[in-house]
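> build me a model from this:
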Amino acid sequence: MAIHIQRREFIVTLGGAAAWPLATRAQQSAMPVIGFLGSASSDLWANYVRAFQQGLGETGYVEGRNVEIEYRWTQGQNERMSGLIADLLHRPVRVIAVPGSTPAALAAKAASTTVPIVFAIATDPVQLGLVASLNRPGGNVTGVVTLNVEIAPKRLELLHELLPTATSFALLVNPANPALAEPVSERVQAAARTLGMKLHVLHASSEPELDAVLAAVAQLQAAGLVVGPDPFFNSRIEQLATLTSRQALPAVYQWREFTAAGGLLSYGSSITDVYRHAGIYTGRILKGEKPADLPVEQTTRVELFINLKTAKTLGITAPTSILVRADEVIE
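A predicted model of the protein is given here:
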């Protein structure tokens with residue numbers, strides 16, 4: 001569904017041109033400012049930014065008309081987060097939105113106990129210390145929790161459906177982000193034991209490690225790869241799809257973009273829905289509601305995508321059980 005965001009157009013007559021810049025700056029300075037920290041890049045995340053803007057629009061805020069948004073992007077480099085958040089706080093901003101990144105949510109909370117923070121993460125925010133409870137966050141932080149950790153075992157099960165005779169698979173996680181890597185590893189390893197499979201847990205937190213790990217999967221004789229959720233991997237979706245295709249490796253990730261770029265499968269929470277809800281919460285806070293009183297939302301909608309062209313290249317025949325459940329079949 002296309003999302004149209006209305007932007008203000010200024011028509012300036014020649015006579016009023018000299019006064020226009022001062023008037024515009026005065027108007028803009030009165031607007032509330034949102035700080036938005038993304039874990040990838042503006043071009044890769046354009047659809048999700050539009051979903052965030054849609055959520056804002058549902059609360060009456062339109063960027064450029066009655067709210068400003070200061071965007072910062074980490075390009076998948078977690079070490080940049082603290083500096084970018086400090087930069088946003090220096091503006092100052094009324095709210096900081098950190099959708100799609102657990103490290104960014106933790107860095108934002110560490111940086112301020114007063115500025116409202118809206119997250120969208122895949123891990124338990126209570127265990128992480130972001131909020132006191134889901135129903136009553138109790139501080140300056142609230143947001144949305146996806147199912148991308150809980151359903152990580154399902155990704156392994158989907159590969160098993162496609163490759164029912166395989167006995168060995170691999171899981172890729174980022175050890176630099178233990179808040180995601182550890183629970184995902186535990187859940188997928190438990191699923192592998194239940195299915196009677198061998199699971200190789202592989203680690204990558206840099207470009208060279210990513211190339212080396214994917215090259216090593218074939219040597220391990222793993223039939224397929226589950227990519228764990230992580231901002232570092234999110235910022236390299238096309239690279240992951242290219243590398244797994246080059247290795248003729250059946251692989252599954254959480255977002256549609258992976259499958260659209262040539263990956264075999266995607267299964268995860270609807271990210272556009274998550275970003276829209278983050279936008280709604282940001283708008284509600286701008287209207288005066290307190291994060292402490294906004295319950296953490298838990299998304300329930302998940303999406304399944306399969307690339308049949310990739311399946312054919314890999315010599316895989318997708319069973320009807322997967323095709324009928326797919327939200328989209330890419331051919």
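
> need the residue closest to the centroid of this structure.
Averaging the C-alpha coordinates of the chain gives a centre point, and the residue nearest to it by C-alpha atoms, centre = their mean is Gly100 (3.4 Å).

> what distance do you get for Arg72 to Ala97?
As for Arg72, its distance to Ala97 is 11 Å (criterion: C-beta to C-beta, to the nearest Å). The way it works is simple: take the backbone N, C-alpha and C, and place the C-beta from them, glycine included.

> what touches both of those two?
Overlap of the contact sets of Arg72 and Ala97 (by C-beta atoms under 8 Å, 6 or more residues apart in numbering) consists of Gly35, Phe36, Leu37.

> neighbours of the last one, how many?
Number of residues near Leu37 (other C-beta atoms under 10 Å) recorded here: 26.

> from the chain's centroid, how far away is the strand or helix carrying it?
If you go by DSSP states H and E, Leu37 is part of strand 33-38. The chain centroid and the centroid of strand 33-38 are separated by 15 Å, computed with C-alpha atoms, centre = their mean, to the nearest Å.

> could you point out which element follows the strand or helix carrying Ala105?
Taking DSSP H and E as the criterion, Ala105 maps to helix 102-111. Next helix or strand after helix 102-111 toward the C-terminus (DSSP H and E): strand 117-121.

> how about low-confidence regions in the chain?
By pLDDT under 70, the low-scoring segments of the chain are 1-29.

> domains of it?
Domain ranges of the chain: 20-147+270-301, 152-269+303-330, per automatic domain parsing.

> need the contact list for the residue nearest to the centre of the chain.
So Gly100 contacts Gly38, Ser39, Ala40, Trp45, Tyr48, Ala120, Ile121, Pro231, Asn234, Ile271, Val274, Tyr275 (C-beta under 8 Å, 6+ apart).

> now Arg284
Going by C-beta under 8 Å, 6+ apart, Arg284 touches Thr59, Leu294.

> next SSE downstream of the strand or helix carrying it?
Assigned by DSSP H and E, Arg284 belongs to helix 271-286. Elements were assigned by DSSP H and E; along the chain past helix 271-286, the next helix or strand is strand 297-298.

> which strands or helices does that following strand pack on?
Applying 3 or more C-beta pairs under 8 Å, 6 or more residues apart in numbering; DSSP states H and E, one finds that strand 297-298 contacts strand 141-145.

> and the contacts of the strand it packs on?
Contacts with strand 141-145, where a contact means C-beta under 8 Å, 6+ apart, come from 99, 105, 108-109, 116-125, 130-131, 134, 274, 277-278, 281, 291-292, 294-299.

> which of those residues count as buried?
Neighbour counting by 16 or more other C-beta atoms under 10 Å classes 99, 105, 108-109, 116-125, 130-131, 274, 277-278, 281, 291, 294, 296-297, 299 among those as buried.

> returning to what we had before: who touches the strand holding Leu37?
45, 48-49, 52, 56, 67-74, 81, 84-85, 88-89, 91-101, 104, 108, 282, 286.

> more neighbours: which of Arg72 and Ala97?
Just comparing Arg72 and Ala97: by other C-beta under 10 Å the higher neighbour count belongs to Ala97, 31 against 19.

> how about the more buried one, what does it touch?
Taking C-beta under 8 Å, 6+ apart as the test, what Ala97 contacts is Ile34, Gly35, Phe36, Leu37, Phe52, Ile117, Val118, Ala278, Gly279, Thr282.
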